[in-house]
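Trainee: Predicted structure and sequence below. I'll ask about it afterward.
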Amino acid sequence: METQKIKIFNGKILTPYRIIPNGSLLLTGGVITAVAEGKIEVSDAIEIDAKGNYIAPGFIDIHVHGGGGHDFMDGSENAFLKAAETHARYGTTSMSPTTLTSEKEDLMKTLELYETADRNNINGAQFIGMHLEGPYFAMSQRGAQDPRYIRDPNPEEYMDVLARTNVVTRWSAAPELKGAIPFAKYLRSKGILAALAHTDAIYEEVLEGFENGYTLATHLYSGMSGVTRRNAYRYAGVIESAFIIDEMDVEIIADGIHLPAPLLKLIYKIKGPDRIALITDSMRGAGMPEGESVLGNLNTGLKVIIEDGVAKLPDRSSFAGSVATTDRLVRNMIRMAGVPLLEAVRMMSTTPARIMNISDKKGSLVEGKDADIVIFDEDINIQHTIIKGRLIYSLGI
């Protein structure tokens, strides 16, 4: 069987550090085989005219709960596939499906469904492993996580989970909990990224956590402590710790609501594009109209309201997840935070690829890497999404 070739031409190619003005790409068998300024002469390729738009590496979303009316905790393979298809329309080519705090058996069912869905996922953003968010959290920082399931790390439990599956690539927990340090060490021994989340830690606890594997701060500012007072003395919280520890990576929900423009600017100023991953953290409401919705499992989850471009608890006391798509994150970093286009795209591709240890295959437009590509206009409206050399989405088709 002849290997399919695709030639993309007449576009502005975004590399991590420069823009190639009149660039062309050749994709062969799902891999980038040529990157050039000007034309690439090849006779037997399908041609895509980029029409002067930007050609960028596909967007990598390392923290996402659902979209298109579906949640990864719904208990169905269809939910995985439809959420992946929804996000592909907005430029996501790779994603880490993310769980919510739950009963262990619900978690195991979700992990089993991931394996089936991963094999059958041909029309959506690729899966790059499961992200378990919880249940090892600080109750005081639970946000919209269900308090019934929040608990300290239990070696019997997490060792059993990881013995029964190999699809977990990241696990978020609070580093100050009893047993949280041995938990991180165990994750590290298995090649799984430990991230700190929903935590009331102070600097000393964050530092110990970082030294033992908690190298990523999950949705910075959300569900974590800032400066606190104990017996009149001030302590630096998780937010300040993430800024102090230069080598700590952070992910941010750049939907323009979870973090207003001044905080986006502050995080960018302190951490820079090589330590920031943009994430949607979106629930089923992404790509859907506003109104009533459910966070988590459709039958047992939390009723929420989607309004003003965000999901809220019914009493509007707290956000309950985002409804962002990756194109919106890039657009916001440019418009609200004043970040250059190249760096906004780097935070949505190159940096998350490095954090998730997949930069040998993804995250930049380099010969030999996977042909995961998005083409978008000046306003970051997605024109085409290509995943592993297959045209998954085209605007208006």
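Mentor: Cool, the structure landed.
Trainee: Only C-alpha atoms from now on, for both contacts and neighbour counts.
Mentor: Will do.
Trainee: where along the stretch 201-350 of the chain do the helices fall?
Mentor: 203-211, 238-244, 261-271, 326-335, 341-346, 350-355 (DSSP state H, counting those that start in this stretch).
Trainee: Quick one: residues in contact with the last one.
Mentor: Outside of helix 350-355, the residues within contact range by CA atoms under 8 Å, 6 or more residues apart in numbering are 16, 60-62, 249, 273-278, 359, 362-364.
Trainee: Dump it to CSV, restricted to CA.
Mentor: In CSV, the C-alpha atoms belonging to helix 350-355 read as follows (Å, rounded to 0.1, in the frame of the first residue of the first chain):
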residue,chain,number,x,y,z
THR,A,350,6.5,22.5,23.0
THR,A,351,6.3,23.1,26.8
PRO,A,352,3.5,20.6,27.5
ALA,A,353,5.3,18.0,25.3
ARG,A,354,8.4,18.4,27.4
ILE,A,355,6.5,18.2,30.7
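Trainee: contact partners of the next helix or strand after it?
Mentor: Per DSSP states H and E, the first helix or strand lying C-terminal to helix 350-355 is strand 373-376. Applying CA under 8 Å, 6+ apart, the contact partners of strand 373-376 are 50, 53-59, 91, 93, 365, 382-387.
Trainee: on that earlier part again, and the contacts of helix 350-355, which are buried?
Mentor: Among the contacts of helix 350-355, those scoring as buried are 16, 60-62, 249, 273-278, 359, 362-364 (criterion: 16 or more other CA atoms under 10 Å).
Trainee: returning to that earlier point: reformat the helices of the stretch 201-350 of the chain as CSV; add mean neighbour count and distance to Met73.
Mentor: What follows is the helices of the stretch 201-350 of the chain, written out as CSV (neighbours: other CA atoms under 10 Å; distance: least, CA to CA, whole Å):
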stretch, mean neighbour count, distance to Met73
helix 203-211, 20, 28
helix 238-244, 21, 28
helix 261-271, 17, 30
helix 326-335, 22, 21
helix 341-346, 24, 29
helix 350-355, 24, 23
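Trainee: Out of these, which gets nearest to Leu26?
Mentor: Leu26 lies closest, by CA to CA, to one member of those: helix 350-355, at 20.0 Å.
Trainee: how far is the closest one from where the chain is centred?
Mentor: With CA atoms, centre = their mean, to the nearest Å as the basis, helix 350-355 stands 10 Å off its chain's centre.
Trainee: Same check on stretch 339-347?
Mentor: 16 Å.
Trainee: cool, stretch 169-183 as well?
Mentor: 20 Å.
Trainee: Buried ones in it, by neighbour count?
Mentor: Neighbour-count burial for stretch 169-183 [16+ other CA under 10 Å]: 169-177, 180-183.
Trainee: Kindly report the same for stretch 33-42.
Mentor: Neighbour counts over stretch 33-42 (16+ other CA under 10 Å) mark 33-35, 37, 40 as buried.
Trainee: Tell me which stretches of the stretch 1-150 of the chain form strands.
Mentor: Per DSSP state E, counting those that start in this stretch, the stretch 1-150 of the chain carries strands over the ranges 5-14, 19-28, 31-37, 46-49, 54-57, 59-64, 66-67, 70-71, 92-97, 126-127, 130-133.
Trainee: Arg142 is nearest to which of the ones you listed?
Mentor: Among the strands of the stretch 1-150 of the chain, strand 130-133 comes nearest to Arg142, with 11.0 Å by CA to CA.
Trainee: just checking, what packs against the very next helix or strand once past that closest one?
Mentor: Counting by DSSP H and E, the element after strand 130-133 in chain order, helix or strand, is helix 155-164. With contacts taken as 3 or more CA pairs under 8 Å, 6 or more residues apart in numbering; DSSP states H and E, helix 155-164 sits against no other helix or strand.
Trainee: mean confidence for helix 155-164?
Mentor: The pLDDT scores in helix 155-164 average 97.
Trainee: got a list of contacts for the helix or strand immediately after that helix in the chain?
Mentor: Using DSSP H and E, the helix or strand that follows helix 155-164 towards the C-terminus is strand 168-173. Applying CA under 8 Å, 6+ apart, the set of residues contacting strand 168-173 from outside is 128-137, 162, 180, 187, 191-199, 218, 356.
Trainee: about what we covered before: any idea which of the buried residues of stretch 169-183 is the one closest to Tyr235?
Mentor: Tyr235 lies nearest to Glu176 out of the buried residues of stretch 169-183, by CA to CA, at 14.3 Å.
Trainee: What about Asp160, how many residues nearby?
Mentor: Using other CA atoms under 10 Å, Asp160 has 11 neighbouring residues.
Trainee: What residues does it make contact with?
Mentor: Listed by CA under 8 Å, 6+ apart, Asp160 has no contact partners.
Trainee: how about a cut-off of 10 Å?
Mentor: Asn154 (CA atoms under 10 Å, 6 or more residues apart in numbering).
Trainee: what's the distance between it and Met108?
Mentor: For Asp160, the distance to Met108 (CA to CA, to the nearest Å) stands at 10 Å.
Trainee: correct me, but Gln383 touches Gly396?
Mentor: Yes. The pair Gln383 / Gly396 is scored as a contact, 8.5 Å apart, by CA atoms under 10 Å.
Trainee: Quick one: residues contacting the closest residue to Gly287 other than its chain neighbours.
Mentor: Nearest non-adjacent residue to Gly287, counting by CA to CA, 6 or more residues apart in numbering: Gly68, 5.3 Å away. Residues near Gly68 by CA under 10 Å, 6+ apart: 79, 82-87, 283-289, 323.
Trainee: next one: Phe80
Mentor: Phe80 is in contact with 65-67, 70-74, 97, 110, 113-114, 116-118, 120-121, 124, 127, counting by CA under 10 Å, 6+ apart.
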